[in-house]
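Asker: no sequence on hand, only this structure:
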């Protein structure tokens, strides 16, 4: 009897460990993801050491190690003619020795090429002079400097990545336009989505019955519609439908060049507003529902109408919930890339969607986006050795923005709950 | 007018009182109109998607020969990606939810839930990047390592439970944190043991295959499956568990005999919603599946899904053309599929919530 009891309990323990292990695996996967992203996202800015490799066929190669595997060592040596021409693979049996000479320098040219050499500043100048038609962005002696100097270079690279505008050179320049495009887009989206989201949440909170049930299930289903379908809707209805009509009515002098009839900021913002509507409704409604019923009843009992109660009592009390909804919507919108690919995101926009020229915000302009920059750099560029690190850098920036927004939302929500628990007791 | 709407000062005469009342009523109507109008927009937004798609497919002129076969292949690709993802997401998502809701300490729950919300917030383009640029090259030579880990890790966990479970039963509320280092050691040992093998034991024809999609898309679907399942499990009144424990059941027995049967429909809803999410997901599939339109069930080959086809094809397709119509038809198929799945899952969840409500009132 007792032996049987132990066996049954032990089986349960095995099951418990299994489900606990799954939870641990979940956390481990997340940790691994964050570590990979943090490492690979920061690596492109760290000055990599320059190696000098001697091979059996008598070559001496100066460059940066790009990858190292059992099959070969891949080096990026000087790109004399064009960007992306300096890659050399050294098979293990060709490899003799590699050193990190202290006087090795790297010149980053403004067109994106990297040229290596050895010597002092005069030698670097001479090397630069050989590269006719290009200016130096920076000249570094990474092997000679210590950790702190490297950190300084790292920070300089980061600030340039964040602050500089994109260049025509493939995968060159900073992400400022993409960042500006993303921010403008989500702000415009928020302005559109918040009134509708709040109105719907208020309706759901005030009304019961068949109509409210219908709206509720509509919200649930909208949340489940794949984001790419919103993109199809935005392209077909907004761009090819509304946009083409607007062009025909107001911009007929410019046709056949489309103004609103091609993808642009406004249509992308509208599409994202539809996409994020359920997020706003759900969190605002949750906030309204958490307000103690006594407050609302008290307001009504004192003679305030429903509208006055909503406007002066419920919405102010639910302000953190409104903020939570806004933040979650922004986080969702900042990470949505698939619908944008159909409604106006481009890899290189000629002008920012927001600038100093009247009317300051240009809703018909195409724009750049951080998430699309990730996709574009990772897959659409021919130079994978440059593209993937750049994609990781953009991804890290995107993650930092989105995770910071979400953490803020979570903290706000917890505070809100604590406050209402205090109100009720 | 006074700032406070419910304060009347005594020296207002009847006309002024009436004016105030009329104004308030007018504002009230306007407010109701705004709220109702805003809500109507939401309803229209849901209706406009299928109506627009159907409208732009009309008048129906038929499709070129072979279109249905092509759509069938895309459909199969979407289903293959979703199945691969669910193989990963369902066990991990459900098990994490079960542990969090039934075994975990409240403080652990307060940590795991936001952590998974953060995971859910990670843009899928980033997961696609990690899958395509980092996981794919590793997986190319390490499929056997992955297979071994999938077998060895659960086996090790169950063995650990059999031998040490009874001693640690009092500490099981924090078990995942105890197991985390153990898990990392086991996985690191397996990975290191196979890292130097030159020839892959299992050779896939392409590094961008359904296994890779399963891992990346599965990780993206875990938070959704988790949150729905955890929701369903916490709706089961804790008195169920307490009654079972009082009768001498272990926590595991209370789980399998009381909680899981009661929450079964909610767990099914979690799986269905996870499937719906996976079928519609675009960026991960676009970046890491190779986008080869194949019709087979082999997990070591690539696929092309409806959503990836839309993302690739639509920017180039012109509105009236045949290819544009085919893509809209594909979008309609995708919408209908996810709509049905969502609808079923939401019905199940609503029923469960109502039952929980009556159960709570009955006590």
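Answerer: Thanks, I have it. These figures come from a predicted structure and were not determined experimentally.

Asker: all contacts plus neighbour counts: C-alpha atoms, from now on.
Answerer: Will do.

Asker: close to chain B, is the helix or strand containing residue A:397?
Answerer: Assignment of secondary structure by DSSP states H and E places residue A:397 within helix A:384-424. Yes - on the criterion Cα under 8 Å from any Cα of the partner chain, helix A:384-424 is in touch with chain B at A:388, A:391-392, A:395, A:399, A:402-403, A:406-407, A:410.

Asker: would residue A:63 count as being in a helix?
Answerer: No - secondary structure of residue A:63, determined by DSSP: H, G, I helix; E, B strand; the rest coil: strand, with no helix assignment.

Asker: now it, which residues is it bridged with?
Answerer: Here residue A:63 shows beta-bridge partners residue A:51, residue A:77, assigned using DSSP bridges.

Asker: residue contacts, it?
Answerer: The contact partners of residue A:63, by Cα atoms under 8 Å, 6 or more residues apart in numbering or on different chains, come to A:50-52, A:75-78, A:116.

Asker: and the pLDDT at it?
Answerer: Looking at residue A:63, its pLDDT reads 86.

Asker: any low-confidence regions in the chain?
Answerer: You didn't pick a chain, so chain A it is. Flagging of chain A using pLDDT under 70 yields the residue ranges A:1-9, A:132-133, A:166-172, A:255, A:356, A:358, A:424-425.

Asker: actually, chain B is the one I wanted.
Answerer: For chain B (pLDDT under 70), the answer is B:1-12, B:195-200, B:359-363.

Asker: which residues in it form helices?
Answerer: Assigned by DSSP state H, chain B shows helices spanning B:14-57, B:67-98, B:106-121, B:124-130, B:136-164, B:175-194, B:210-235, B:238-246, B:251-254, B:260-280, B:283-288, B:306-313, B:322-362.

Asker: follow-up on the earlier one: neighbour count for the contacts of residue A:63 - can I get that in JSON lines?
Answerer: Formatted as JSON lines, the contacts of residue A:63 follow (neighbours: other Cα atoms under 10 Å in any protein chain shown):
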{"residue": "A:50", "neighbour count": "26"}
{"residue": "A:51", "neighbour count": "21"}
{"residue": "A:52", "neighbour count": "21"}
{"residue": "A:75", "neighbour count": "23"}
{"residue": "A:76", "neighbour count": "23"}
{"residue": "A:77", "neighbour count": "25"}
{"residue": "A:78", "neighbour count": "23"}
{"residue": "A:116", "neighbour count": "25"}
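
Asker: pull the number of nearby residues for residue A:244.
Answerer: Neighbouring residues of residue A:244 were enumerated by other Cα atoms under 10 Å in any protein chain shown; the total is 20.

Asker: show me the residues around the residue most central in space within chain B that make contact.
Answerer: For chain B, the residue sitting closest to the mean C-alpha position, by Cα atoms, centre = their mean, is residue B:224 at 3.3 Å. Contacts for residue B:224 were tallied using Cα under 8 Å, 6+ apart; they are B:93, B:120, B:270, B:273-274.

Asker: can you check residue A:17 too?
Answerer: Contact analysis of residue A:17 by Cα under 8 Å, 6+ apart lists B:157-158, B:160-161, B:165, B:175.

Asker: can you narrow these to ones near chain A?
Answerer: Residues shared between the contacts of residue A:17 and the neighbourhood of chain A are B:157-158, B:160-161, B:165, B:175 [Cα under 8 Å from any Cα].

Asker: export those to a markdown table and tack on distance to residue A:238?
Answerer: As requested, those are exported to a markdown table (distance: Cα to Cα, whole Å):
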| residue | distance to residue A:238 |
| --- | --- |
| B:157 | 53 |
| B:158 | 55 |
| B:160 | 58 |
| B:161 | 58 |
| B:165 | 60 |
| B:175 | 52 |
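
Asker: pull the most distant pair out of those residues.
Answerer: Greatest spatial distance among these (Cα to Cα): B:158 and B:175, at 13.2 Å.

Asker: show me which residues of the stretch 151-300 of chain A sit near chain B.
Answerer: For the stretch 151-300 of chain A, the contact set with chain B under Cα under 8 Å from any Cα comprises A:195-197, A:199-200, A:202-203, A:215, A:217-222, A:224-230, A:232-233, A:236-237, A:240, A:274.

Asker: cutoff 6 Å now
Answerer: Selection of the stretch 151-300 of chain A residues close to chain B by Cα under 6 Å from any Cα of the partner chain yields A:196, A:199-200, A:226.

Asker: so what's the nearest residue to residue A:235 once chain neighbours are set aside up against?
Answerer: Beyond its immediate neighbours in the sequence, the residue positioned closest to residue A:235 (Cα to Cα, 6 or more residues apart in numbering or on different chains) is residue A:343, lying 5.5 Å away. For residue A:343, the contacting residues are A:235, A:263, A:268, taking Cα atoms under 6 Å, 6 or more residues apart in numbering or on different chains as the criterion.

Asker: I am finished for the moment; much appreciated.
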